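have a look; sequence and predicted model below, questions after that.
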Amino acid sequence: QKEVEQNSGPLSVPEGAIASLNCTYSDRVSQSFFWYRQYSGKSPELIMSIYSNGDKEDGRFTAQLNKASQYVSLLIRDSQPSDSATYLCAVKGPGGTSYGKLTFGQGTILTVHP
Amino acid sequence: DTEVTQTPKHLVMGMTNKKSLKCEQHMGHRAMYWYKQKAKKPPELMFVYSYEKLSINESVPSRFSPECPNSSLLNLHLHALQPEDSALYLCASSQLGQAVTDTQYFGPGTRLTVL
């Protein structure tokens, strides 16, 4: 079982729709969860972080965390063509031997078509 | 300001060359990271420095040699690389390695091609 799994995609949504990206993780003691956006040929850019159960909203982005289900998601409202990118889910453990280490999912390619 | 800079942007080297990648941050972060990313794959952690000391080496071949001269700088020395080492090399930094809210910010990367 992969440590961090994302919906395989690619995901294609029309402009203005809601894009839903999902991620599950296997390590129950994980405490920190991040979504990075990566445009083709560029480096990952942090768009959301979440640490507590529930929803966290930032503009058009909402991250949702459910630790009991080991599930984290990212919703993008009013999707724009500029949101077309690969979205990476990253999970960090509590420290110790996993000191500072992010475990990434394989990424979901999102395409927003006009 | 969450800027991490990396030089050079692109690097082409032969298998017998020695070269270095450089990374710099002025955010006062005390943890710095090297990642390697192949096409269509997520970043893979190579090294972590915390308070200028190497804290994680993910079993990286010795032809990659990291160095942290001070809290703002991170180098990756390359020697006798193989064509399969061609990838995007990413540097990241974070304020404090272990805290729950500690967040890694990535630099723009160096695109390395080994001929």
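Perfect, I can see it now.

didn't B:Gly14 look like it was pressed against B:Asp85?
No. Counting by C-beta atoms under 8 Å, B:Gly14 does not reach B:Asp85; the two are 11.9 Å apart. C-betas here are computed from N, CA, C, even on glycine.

who touches both of these two?
B:Val114 (C-beta atoms under 8 Å, 6 or more residues apart in numbering or on different chains).

between those two, tell me which one has more neighbours.
B:Asp85 (19 against 10; other C-beta atoms under 10 Å in any protein chain shown).

give the buried residues for the least confident helix or strand in chain A by mean pLDDT.
Across the helices and strands of chain A, mean confidence by mean pLDDT, DSSP states H and E is lowest for strand A:102-104: a mean of 92. Within strand A:102-104, the residues that count as buried by 16 or more other C-beta atoms under 10 Å in any protein chain shown are A:102-104.

near chain B, which of these show up?
Residues of those in contact with chain B (C-beta under 8 Å from any C-beta of the partner chain): A:102, A:104.

between the buried residues of strand A:102-104, which is nearest chain B?
A:Phe104 (3.6 Å; C-beta to the nearest C-beta).

tell me which strands the least confident helix or strand of chain A pairs with, and in which orientation.
Taking DSSP bridges as the criterion, strand A:102-104 forms sheet pairs with strand A:85-92 (antiparallel).

what's next to the partner strand, contact-wise?
Taking C-beta under 8 Å, 6+ apart as the rule, strand A:85-92 contacts A:3-4, A:6, A:21, A:23, A:25, A:27, A:30-40, A:44, A:72, A:74, A:98, A:100-105, A:107-110, B:42-43, B:102.

of those residues, keep whichever come out buried.
By neighbour count, with 16+ other C-beta under 10 Å, those hold A:4, A:6, A:21, A:23, A:25, A:30-38, A:44, A:72, A:74, A:98, A:100-105, A:107-110, B:42-43, B:102 as buried.

alongside chain A, which residues does chain B contribute?
Within chain B, the positions near chain A by C-beta under 8 Å from any C-beta are B:2, B:31, B:33, B:41-43, B:45, B:48, B:50, B:55-56, B:88, B:90, B:94, B:97-98, B:100-109.

so what's B:Glu67 up against?
Per C-beta under 8 Å, 6+ apart, neighbours of B:Glu67: B:74-77.

just the ones in strands from the buried ones among the contacts of strand A:85-92, please.
A:4, A:6, A:21, A:23, A:25, A:32-38, A:72, A:74, A:102-104, A:108-110 (DSSP state E).

so which strand or helix has the closest residue to B:Leu73 other than its chain neighbours?
Nearest residue to B:Leu73, sequence neighbours excluded (C-beta to C-beta, 6 or more residues apart in numbering or on different chains): B:Glu24, at 5.6 Å. In the assignment (DSSP states H and E), B:Glu24 maps to strand B:18-25.

following that strand, which helix or strand comes up?
Next along the chain after strand B:18-25, taking DSSP H and E as the criterion, comes strand B:31-37.

strands paired with that next one, and their directions?
Using DSSP bridges, the strands paired with strand B:31-37 are strand B:44-50 (antiparallel), strand B:87-94 (antiparallel).

could you dump those to CSV with mean pLDDT?
Shown next, in CSV, are the strands paired with strand B:31-37 (pLDDT from 0 to 100):
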stretch, mean pLDDT
strand B:44-50, 94
strand B:87-94, 97
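
just to revisit the earlier point, pull out the buried members of the residues of chain B next to chain A.
By 16+ other C-beta under 10 Å, the residues of chain B next to chain A give B:31, B:33, B:42-43, B:45, B:48, B:50, B:56, B:88, B:90, B:94, B:97-98, B:102-109 as buried.

lovely, talk soon.
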